[in-house]
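**Student:** Predicted model follows, preceded by the sequence.
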Amino acid sequence: MRVIITDDAKQAALEAAEIIISLIKRKPDCVLGLATGSTPIGLYEVLVEAFKSGEVSFSSVSTFNLDEYYDMSPEHHQSYRYFMDQHLFSKVDIKPENTFLPECSGKQSAEEVAKQYEMEIKRRGGIDLQLLGIGENGHIGFNEPGSSLASRTRLKTLTPNTLEANSRLFEDGEFQPTLAMTMGVGTIMDAKQVLILATGTNKSEAIGNMLLGSITSACPASILQMHPHVTAVIDRDASIDIENSDYFELSESNRRKL
Ligand code: F6R
């Protein structure tokens, strides 16, 4: 796994954005897998700036988000569709019909929605680059600890730990969904390239387990050790539990010299 350790979150956003921008330049009709949450907001800001300056266009890009709350209308301010519109889609030239989230209303069959989502990913040639954040408990997407490492898109119940971590985003007394449709671990592993972004000391234990822990569903992100093309961009705060972080820094500096 390539590991890039940056001084701070801003630098991490720049490094991660650079990887996405160079992919879009190389393959203008690429398929991106996207994430929500606090971590990628800075990265989306860099992408928007790159679009505004004419460096990159999203006009032929397709996107598939990792997850969406179950039975939440796309207009709801807590929906991930709303988040993506606010932080990226409405600010660049992406075609709305090329943006996908696993949206599932209570009136639909979750199995059918999940199946269609997987089929649409395949129909567009598969995900070229999947962007991930990581939960404090090691989740990727909403694949909570205990998720099958071969799982596909499906409905998941969020753990109390995840609900607690995300409660900061909800007003007091506001309804917080406990179910979400998420790409499976297997779906994520099918992406040709994975880019995982993590910042802050609260992510350091999960990052340590992801990189050098045993491969186990107790830390779903640890399966990324089995993926042939992963880049982890993490700030120094998120790197404190990596046993041999010096080695990763040396390795990255050699890579840049070559
Ligand atoms: C979001 C997602 C989650 C988040 C993770 C970290 O689409 O799938 O796995 O990436 O919960 O969230 P933040 O960035 O808010 O700490």
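**Tutor:** Done, it's in. Numbering: from 1, shown residues only.
**Student:** separation between Arg2 and Gln116?
**Tutor:** Distance check for Arg2 against Gln116: by CB to CB, to the nearest Å, it reads 33 Å. C-betas here are computed from N, CA, C, even on glycine.
**Student:** more neighbours, those two?
**Tutor:** Gln116 (17 against 14; other CB atoms under 10 Å).
**Student:** who touches that one in this structure?
**Tutor:** Contacts for Gln116 (CB atoms under 8 Å, 6 or more residues apart in numbering) come out as none.
**Student:** Next, work out how far apart it and Ser109 are.
**Tutor:** 10 Å.
**Student:** cool, Ile234 as well?
**Tutor:** Distance check for Ile234 against Ser109: by CB to CB, it reads 39 Å.
**Student:** Compare those two (neighbour count), which wins?
**Tutor:** Per other CB under 10 Å, whichever of Ile234 and Ser109 has more neighbours is Ile234, with 30 against 10.
**Student:** what's next to the strand or helix carrying the more buried one, contact-wise?
**Tutor:** Secondary structure assigned from DSSP states H and E places Ile234 in strand 230-235. Identification of contacts with strand 230-235 by CB under 8 Å, 6+ apart yields 1-9, 11-12, 15-16, 19, 193-200, 203, 207, 210-211, 224.
**Student:** same thing but at 7 Å, please
**Tutor:** 1-6, 8-9, 12, 15-16, 19, 194-199, 207, 224 (CB atoms under 7 Å, 6 or more residues apart in numbering).
**Student:** What is the lowest-mean-pLDDT helix or strand in the chain packed up against?
**Tutor:** In the chain, no helix or strand scores lower on mean pLDDT, DSSP states H and E than helix 160-166, which sits at a mean of 91. If you count contacts as 3 or more CB pairs under 7 Å, 6 or more residues apart in numbering; DSSP states H and E, helix 160-166 packs onto no helix or strand.
**Student:** in it, what counts as buried?
**Tutor:** Neighbour counts over helix 160-166 (16 or more other CB atoms under 10 Å) mark 162, 165-166 as buried.
**Student:** about what we covered before: buried ones among the contacts of strand 230-235?
**Tutor:** 1, 3-6, 9, 12, 15-16, 19, 194-199, 207, 224.
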